[in-house]
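>>> Below are the sequence and a predicted model for it; my questions follow.
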Amino acid sequence: MAGGYAISKDSVRNLFDLPKDRVYHESLAVLKKMGMVNLEDRVHGRLTAEVQDVNVTVTIKQLTKKTVELKVTARSEWLIPKVDVAQEVYSKIVERL
């Protein structure tokens with residue numbers, strides 16, 4: 001891990017010195033366990049799922065040769081921010097990393 005995570009009104013993000021593929025794989029495993037996955041885009045590092053009736057988007061961006069950014073965003077179907085769900089999904093992913 002590269003430091004403390006940042007929280008906004010609808011998302012949680014952090015930097016990790018881990019391979020992008022590993023972060024993607026573990027994120028996908030968590031989303032499959034917690035809800036229903038709607039989109040798997042390994043090339044662009046993007047996953048979407050429905051978790052607890054909330055739309056969750058996970059993005060994994062390669063920032064440097066060894067550092068990736070993991071961002072988990074959660075919003076209800078009325079686009080209301082659900083940072084509590086984002087934090088729960090983020091925590092489960094981090095437990096696996």
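Perfect, I can see it now.
>>> nearest spatial neighbour of Val12, skipping sequence neighbours?
The shortest distance from Val12 to any non-neighbouring residue, by Cβ to Cβ, 6 or more residues apart in numbering, is to Tyr90 (4.2 Å). For glycine as for every other residue, the C-beta is placed from the backbone atoms N, C-alpha and C.
>>> isn't there a helix covering that neighbour?
Yes - per DSSP: H, G, I helix; E, B strand; the rest coil, Tyr90 lies within a helix segment.
>>> can you pull the contacts of it?
Contacts for Tyr90 were tallied using Cβ atoms under 8 Å, 6 or more residues apart in numbering; they are Tyr5, Val12, Asn14, Leu70, Val72.
>>> Show me where this protein has its helices.
Along the chain, counting by DSSP state H, helices occupy 20-34, 83-96.
>>> so where is the chain shaky, pLDDT-wise?
Across the chain, the stretches falling below the confidence threshold (pLDDT under 70) are 1-4.
>>> 90 - rerun?
Low-confidence segments of the chain (pLDDT under 90): 1-10, 77-79.
>>> Between the helices of the chain, which one is closest to Glu77.
Distance to Glu77, taken as Cβ to Cβ, is lowest for helix 83-96 among those, at 12.6 Å.
>>> any idea of the angle the closest one forms with helix 20-34?
Counting by axes from the mean of the first three to the mean of the last three Cα atoms, to 10 degrees, helix 83-96 lies at 120 degrees to helix 20-34.
>>> Which residues in helix 83-96 does the neighbour count mark as buried?
The neighbour-count check on helix 83-96 (16 or more other Cβ atoms under 10 Å) flags Val83, Val85, Ala86, Gln87, Glu88, Val89, Tyr90, Lys92, Ile93, Val94 as buried.
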